[in-house]
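> after the sequence you'll find the predicted model.
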Amino acid sequence: MQLIRLSSIQGGAEPLYQRLVEELETGDKVLWLVPGGSNIPLSAEISKRLPEELTKNLTIYLTDERYGDVWHADSNTRQLDEAGFEPKQATMVPVLTGDLTLEETTEHYADALAAAFVENDVVIGQFGMGPDGHIAGILPGSPAVDSTELAAGYQTESFTRITMTPEAIQHVDAAYVYAFGDAKREALENLERELPLVEQPAQILKQLPESFVYNDQIGEDV
């Protein structure tokens, strides 16, 4: 895991863009895991820049979603669309599929992830990290932390969340994480320590073959 200091989140777009292009240019099938929140403008920017001819071998999944109607105002899917996200020829698979219960939707998402991990050659994960050290929709102390399934659904104070789990994140070949703002400093400092996942789910990044944490607080300057 590398902590890389940048002046702004926009500076982190180029490494992720270049990695996606390099993997797609080999002819490999690539799975790009895309988050919501403050990462949405960055994801939209990268999607617009990707050469259309390369996107035919690209599959896009969300790392997490807020349960509800398919196009509800708080959904990451809708917010990505409104930000101008362009899948082009890529296969973009939504988490919310219709009139399914939370349990059914979570199971459907887990099955889709399982298939995607098998069908794609490379898995590139893009993530944010919260001030509490959460990653994707995996909050500290939540049922998602120690789930043995690929996805978990549960209620929080703000949203009913559906998220990939640490079990699923372990399938990621390279993670690109963006954590900017003074509120993230404690979480970044904790990431340099050894903490259990239940306290800081972002510790899962240390178990991946490659992970790059772009931030404006600590780490190597670029």
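Yep, that arrived. Keep in mind that what you see is a predicted model, and the values were worked out from it rather than measured.
> quick one: contacts of the helix ranked longest in the chain?
The longest helix of the chain (DSSP state H) is helix 102-119. By C-beta atoms under 8 Å, 6 or more residues apart in numbering, the surrounding residues in contact with helix 102-119 are 29, 31, 59, 61, 65, 67, 93, 95-97, 100, 123, 149-153, 160, 162, 164, 168, 171. (C-beta placed from N, C-alpha, C; glycine too.)
> can you tell me the average pLDDT over that helix?
The average pLDDT for helix 102-119 rounds to 98.
> what pairs with the helix or strand that that helix is followed by, parallel or antiparallel?
Downstream of helix 102-119, the next assigned helix or strand under DSSP states H and E is strand 122-128. Take DSSP bridges as the rule and strand 122-128 pairs in its sheet with strand 30-34 (parallel), strand 174-179 (parallel).
> to Ile9, which of those lies closest?
Across the strands paired with strand 122-128, Ile9 has its closest neighbour in strand 174-179 (5.3 Å, C-beta to C-beta).
> which strands and helices sit next to the lowest-mean-pLDDT helix or strand in the chain?
Least confident element among the helices and strands of the chain, by mean pLDDT, DSSP states H and E: strand 220-221 (a mean of 80). Packing partners of strand 220-221 (3 or more C-beta pairs under 8 Å, 6 or more residues apart in numbering; DSSP states H and E): strand 2-5.
> which residues sit against the strand it packs on?
12, 188, 191-192, 211-222.
> now intersect these with the helices, please.
Per DSSP H, the subset of those in helices is Leu188, Leu191.
> now, of the contacts of strand 2-5, which are buried?
Using 16 or more other C-beta atoms under 10 Å as the burial test, the contacts of strand 2-5 include Gly12, Leu188, Leu191, Ser211, Phe212, Val213, Tyr214, Asn215, Asp216, Gln217, Gly219 as buried.
> now, the most widely separated pair of those?
Ser211 and Asp216 (17.7 Å).
> now the helix or strand where Glu14 lies: buried residues?
Using DSSP H and E, Glu14 sits within helix 13-25. Going by neighbour count (16+ other C-beta under 10 Å), the buried part of helix 13-25 is Ala13, Pro15, Leu16, Tyr17, Arg19, Leu20, Glu23, Leu24.
> tabulate those in CSV, adding columns for distance to Arg49.
Formatted as CSV, the buried residues of helix 13-25 follow (distance: C-beta to C-beta, whole Å):
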residue, distance to Arg49
Ala13, 8
Pro15, 13
Leu16, 10
Tyr17, 6
Arg19, 13
Leu20, 9
Glu23, 15
Leu24, 12
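> now, which of those sits nearest Leu42?
Within the buried residues of helix 13-25, proximity to Leu42 (C-beta to C-beta) peaks at Ala13, which comes in at 5.5 Å.
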